[in-house]
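Peer 1: prediction below, plus the sequence it came from.
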Amino acid sequence: MDTLQNMRVFVRVVEAGSFTGAAQHLNTTTAYASRAVSDLEAHLRTRLLNRTTRRIALTEAGERYLQRCEQILAYVDQAEAEASDAHARPSGKLKVHAMTSFGQHYVVPAVSRYQQRYPDVHLELTLAQRMPDLLDEGYDVAVVLAQSLPDSGLVSQRLGSAFSVVVASPDYLERNGVPQTLSDLRGHTCLQMITPVMPADEWTFDGPNGQETLHLGASTFQINVAEAMAVAVREGMGVAVLPIYSAIAGLRSGELVWILPEYISQEMNVYALYPSRQYLDAKIRTWVEFLRDELPATLAADQAELRKFART
């Protein structure tokens, strides 16, 4: 028995004053309306309506039950309206996860522009150097960098790509010379990033000769956040491979120099991940659409600007 639907029929019968009037309003049959009320009475073991051939009248129990039905149905209607509104209008809390440095450079500015367009969305952003579990951790969307994605059942949208370049400070290069080939790097102090996608003891490059791997010795300095590595390079501590979004500010200011510009490292795809396409909440849908509209152009612009800083 569909108790909620039978409640609706019961309320409509009382409002219409007859089973026939209620059936016409509900676009059903009089027999169906009569059976719905009878099923309610049988379920409750209480008579709700006194019936004659000409009219119906509420019993005392029926009057009390009617009040409760009206309250319950009002709450249900409100809940359905709110849920439908969530599908139609972006609002509420949106939980987003992004990789630390990428999120700082690209996602935070995107949040600012998104909220100007959708001020009713309260965005909670977490930055961390790992791939989150969206379902277990309750994130709505994750922005991740990966060469490819495992089969996880999540929906993905590719937003572009990013890669890393070899940089050093002008002071370091003045003291130690400018590497001209990959093998020259072995004679330099190579600072190493420790990340889930980058082995600690080797750098892999794509260049004129295809993919090449440079095996490094023990490093005098290792760190796991690109922004901190950029500081170390600006301080003249050595040579490092930095994502372009962490290197480009230093290249603009002249505090960093791009060396071996014919080589790039760690080219990664950028993805937005979210749990499902079906009945997608408006805040998730609009956030993913916003990233898809804005982020590829921003990434491409930084890569185009990077070419101005090539040093051979």
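Peer 2: Great, that's in hand.
Peer 1: okay but Ser91 is in contact with Gln115, surely?
Peer 2: No. Ser91 is beyond contact range of Gln115, at 11.7 Å (criterion: Cβ atoms under 8 Å). Just so you know, the C-beta spots here come from the backbone N, C-alpha and C atoms, and that holds for glycine as well.
Peer 1: backbone dihedrals for Arg292, please?
Peer 2: The phi/psi pair for Arg292 (degrees, to the nearest 10) reads phi -60, psi -30.
Peer 1: likewise for Leu214?
Peer 2: Main-chain dihedrals, Leu214, degrees, to the nearest 10: phi -110, psi 120.
Peer 1: name the nearest residue to it, ignoring sequence neighbours.
Peer 2: Trp203 (4.7 Å; Cβ to Cβ, 6 or more residues apart in numbering).
Peer 1: residue contacts, that neighbour?
Peer 2: Each residue near Trp203 by Cβ atoms under 8 Å, 6 or more residues apart in numbering is listed here: 185, 190, 213-214, 216, 241, 265.
Peer 1: quick check, distance from the helix or strand harbouring Glu80 to the centre of its chain.
Peer 2: Glu80 is located in helix 60-88, with elements delineated by DSSP states H and E. On the basis of Cα atoms, centre = their mean, to the nearest Å, helix 60-88 sits 33 Å off its chain's mean C-alpha point.
Peer 1: thinking again about what came up before, would you say the residue nearest to Leu214 is within a strand?
Peer 2: Yes. Remark: Trp203 belongs to a strand, assigned using DSSP: H, G, I helix; E, B strand; the rest coil.
Peer 1: list the contacts of the residue lying closest to Met131 once chain neighbours are set aside.
Peer 2: In space, and not counting its chain neighbours, Met131 is closest to Val144: 5.7 Å by Cβ to Cβ, 6+ apart. Residues near Val144 by Cβ under 8 Å, 6+ apart: 98-99, 131, 270-271, 273.
Peer 1: for the host helix or strand of Val144, list every residue counted as buried.
Peer 2: Using DSSP H and E, Val144 maps to strand 141-146. Within strand 141-146, the residues scored as buried using 16 or more other Cβ atoms under 10 Å are 141-146.
Peer 1: could I get the pLDDT score of the most centrally placed residue in the chain?
Peer 2: Centroid check for the chain by Cα atoms, centre = their mean gives Val141 as the closest residue, at 1.6 Å. We have a pLDDT of 94 for Val141.
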